[in-house]
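1. here is my input, please return the structure:
(one chain, ligands or ions: 2)
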Amino acid sequence: MQNFTFNLPTKIVFGQGTIDQIGIEAAQLGQRAMIVTGKRSASAFGIIEKVTNYLEQEGVGALVFDKIEPNPRTSTIDEAGKLARENECDLIIGLGGGSPMDAAKAIAVAAVETKPIWDFIPHGKTPSNPVKKALPIMAIPTLAATGSEADAGGVFTNWETHEKAVLFSPLLFPKVSIIDPELTVTVPKDYTADGGIDIICHVIEGFFTGDDNTPIQDRFAMGVIKTVIENLPIVLKDPKNIDARANLSWASAVALSGMINSGRGGAYPIHALEHSLSGHYDISHGRGLAVLIPALMEYSYKSRPAKYAMLAIELFDIHRDGQSDEQLAVKGIVAMKDFFASVGRLLNFKDIGIADDSKFEKMADDALRIYGIDGEYLGNPKPLYRDDILAIFKSLAG
Ligand code: NZQ
Ligand code: ZN
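-> Ligands and ions are numbered 1, 2, ... in the order given. From the prediction side, this is the model:
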């Protein structure tokens, strides 16, 4: 196992009805909050009204910024940052899925800086400015997916260039996250399933690409994935099942919290490729991952058959019965594909709105420049060079 520092400075308040604690928690952090949210759901389901009331009861003023688009754009962050500055906000609350929570983190920086937020986001061209200060952040997830409620990163798209890249700083950990699974019962089936796939991907990438001597991390990872495999079908049938929703919400939070991936090193090649897809085609993050995960598993399993065999045995109860690791790996990949199909995920680019190959080269170049090692390849047991990425994209073209 590699040496590591694990520090999760986010206070997590978890459970059905805990949204009523937002006022008390916010009052410890600021007096004039900007609530950062998406364009529709938080208002349509009465969550903004609830949150605003709880804040007012504790003497915290609220300014609502409800223009965050899925796959948040840097131009929107700059607009909100200016507004937060002008209104002297001292606390930023991200309320929604990963997009508003991520946006809140970047707005917390934009509110105390005057340069465009893109200048702070490493994207492989000019050196980026370091994040030196940020307003305090709170996160209230309404969708179990990204883990933004318990990590220090956010992902943003420069819509002029279609580059999608990560802003990361320890200053961006939410001070408090209120994870109330009741807020997630209105998430439609497609986004619920996308979220489940995202959670799986957050732990499976480290499992496949990281060090071997990490039994605790591996078992945590299998536990998280198994929890999604068991609970996602339940909420797809019964969206108001609060126990199953709670299990997905907790899986979302722990997946990227550092608890599971610390000490294994590893890489995120599937995420690197997906960010290129959603940067260019504005698709749902989890929907893009669902297409890429099986393709990357097929590409990689022969380089790491034991890990893939472990996955088949632990997740899908496939018995060894004298089979080699490679034979088990193949069965595990089939089982994973079957699971994705059973929760309605789509399997090729055409299904998710990527109709032609005109952007493949740019997408590959962006992934390598922004996320690659020396800009040359993506880290993976079987490294992904430009030609490998293009071959995978072509195989998925449908
Ligand atoms: O936009 P609104 O009106 O809020 O509706 C959203 C949106 O249409 C809807 N929704 C959210 N909560 C709902 C709801 N609808 C009904 N009821 C609710 N309770 O769901 C749709 C998708 O929302 P979005 O926030 O875009 O989804 P998600 O949580 O998947 O976030 C995706 C973004 O997070 C980034 C992705 O790249 C993408 O930009 N990620 C952030 C990460 C992080 N901070 O660590 C890691 C991830 O790997 C990921 O890259
Ligand atoms: Zn993700």
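2. send me stretch 79-96 as CSV with only the CA atoms.
-> Provided in CSV are the C-alpha atoms of stretch 79-96 (Å, rounded to 0.1, in the frame of the first residue of the first chain):
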residue,chain,number,x,y,z
GLU,A,79,-21.6,35.4,-13.6
ALA,A,80,-22.6,33.9,-10.2
GLY,A,81,-19.2,34.8,-8.7
LYS,A,82,-19.7,38.5,-9.7
LEU,A,83,-23.2,38.4,-8.2
ALA,A,84,-21.9,36.9,-4.9
ARG,A,85,-19.2,39.6,-4.8
GLU,A,86,-21.6,42.5,-5.4
ASN,A,87,-24.0,41.1,-2.8
GLU,A,88,-21.3,40.5,-0.2
CYS,A,89,-22.3,36.8,0.2
ASP,A,90,-20.2,35.1,2.8
LEU,A,91,-21.3,31.5,2.4
ILE,A,92,-22.1,29.4,-0.7
ILE,A,93,-24.6,26.6,-0.5
GLY,A,94,-24.7,24.1,-3.4
LEU,A,95,-28.2,22.6,-3.6
GLY,A,96,-28.8,19.9,-6.2
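3. and it, how far from the chain's centre?
-> When C-alpha coordinates are averaged (Cα atoms, centre = their mean, to the nearest Å), stretch 79-96 and its chain have centres 22 Å apart.
4. which parts of stretch 108-124 are buried?
-> Within stretch 108-124, the residues scored as buried using 16 or more other Cβ atoms under 10 Å are Ala108, Val109, Ala110, Ala111, Glu113, Pro116, Ile117, Trp118, Phe120, Ile121, His123, Gly124. For every residue, glycine as well, the C-beta is placed using N, CA and C.
5. which residues of the stretch 101-250 of the chain lie near ligand 1?
-> Taking Cβ under 6 Å from any ligand atom as the contact definition, the stretch 101-250 of the chain meets ligand 1 at 102, 142-143, 145-148, 151, 153-155, 183-184, 186-187, 191, 194-195, 198.
6. what ranges do the helices span in the stretch 151-300 of the chain?
-> Taking DSSP state H, counting those that start in this stretch, the helices of the stretch 151-300 of the chain run over residues 189-209, 215-237, 242-255, 269-281, 285-300.
7. adding mean pLDDT, mean neighbour count and distance to Lys11 as columns, could you present these in a markdown table?
-> Output for those, formatted as a markdown table (pLDDT from 0 to 100; neighbours: other Cβ atoms under 10 Å; distance: least, Cβ to Cβ, whole Å):
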| stretch | mean pLDDT | mean neighbour count | distance to Lys11 |
| --- | --- | --- | --- |
| helix 189-209 | 98 | 24 | 21 |
| helix 215-237 | 98 | 18 | 21 |
| helix 242-255 | 98 | 23 | 12 |
| helix 269-281 | 98 | 24 | 27 |
| helix 285-300 | 98 | 23 | 26 |
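8. turn the ones you listed into TSV, columns for distance to Thr5.
-> Converted to TSV, the helices of the stretch 151-300 of the chain look like this (distance: least, Cβ to Cβ, whole Å):
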stretch	distance to Thr5
helix 189-209	16
helix 215-237	15
helix 242-255	18
helix 269-281	22
helix 285-300	28
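9. and the residue nearest to the spatial centre of the chain, what is it in contact with?
-> Centroid check for the chain by Cα atoms, centre = their mean gives Thr146 as the closest residue, at 2.8 Å. Listed by Cβ atoms under 8 Å, 6 or more residues apart in numbering, the contact set of Thr146 reads Gly97, Gly98, Met101, Asp102, Gly195, Asp198, Ser252, Leu256, His285.
10. what helix or strand is Leu347 on?
-> Using DSSP states H and E, Leu347 maps to neither a helix nor a strand.
11. hmm, Lys337 and it touching each other?
-> Yes - between Leu347 and Lys337 a contact is recorded at 7.4 Å, counting by Cβ atoms under 8 Å.
12. so for these two, which residues contact both of them?
-> Pro294.
13. do you know how far Lys11 is from ligand 1?
-> Between Lys11 and ligand 1 the computed distance is 18 Å (Cβ to the nearest ligand atom, to the nearest Å).
14. could you do Gly96 as well?
-> According to Cβ to the nearest ligand atom, Gly96 and ligand 1 sit 4 Å apart.
15. cool, and Leu277?
-> Distance from Leu277 to ligand 1, counting by Cβ to the nearest ligand atom: 10 Å.
16. how's this structure carved up into domains?
-> As recorded under automatic domain parsing, the domains making up the chain are 11-184, 189-395.
17. from start to finish, how long is the last one in a straight line?
-> According to Cα to Cα, to the nearest Å, domain 189-395 extends 27 Å from its N-terminal end residue to its C-terminal end residue.
18. count the neighbours of the closest residue to ligand 1 within the stretch 51-200 of the chain for me.
-> Evaluated by Cβ to the nearest ligand atom, the stretch 51-200 of the chain has Gly97 as its residue closest to ligand 1, separated by 2.2 Å. The number of residues packed near Gly97 is 28, by other Cβ atoms under 10 Å.
19. with Gly96 instead?
-> 30.
20. residue contacts, Asp357?
-> Each residue near Asp357 by Cβ under 8 Å, 6+ apart is listed here: Phe393, Lys394, Ala397.
21. how about Gln323?
-> Lys331.
22. now the buried members of the contacts of Asp357.
-> Phe393.
23. out of the contacts of Asp357, which is nearest to ligand 1?
-> Phe393 (18.4 Å).
24. hmm, back to that, can you tell me which of the buried residues of stretch 108-124 end up in helices?
-> Taking DSSP state H as the definition of helices, these contribute Ala108, Val109, Ala110.
25. and the residue nearest to Gln217 when sequence neighbours are not counted, how many residues sit next to it?
-> Nearest-residue entry for Gln217: Arg264, 5.2 Å, with adjacent residues in sequence omitted and distances by Cβ to Cβ, 6 or more residues apart in numbering. Arg264 has 21 neighbours, counted by other Cβ under 10 Å.
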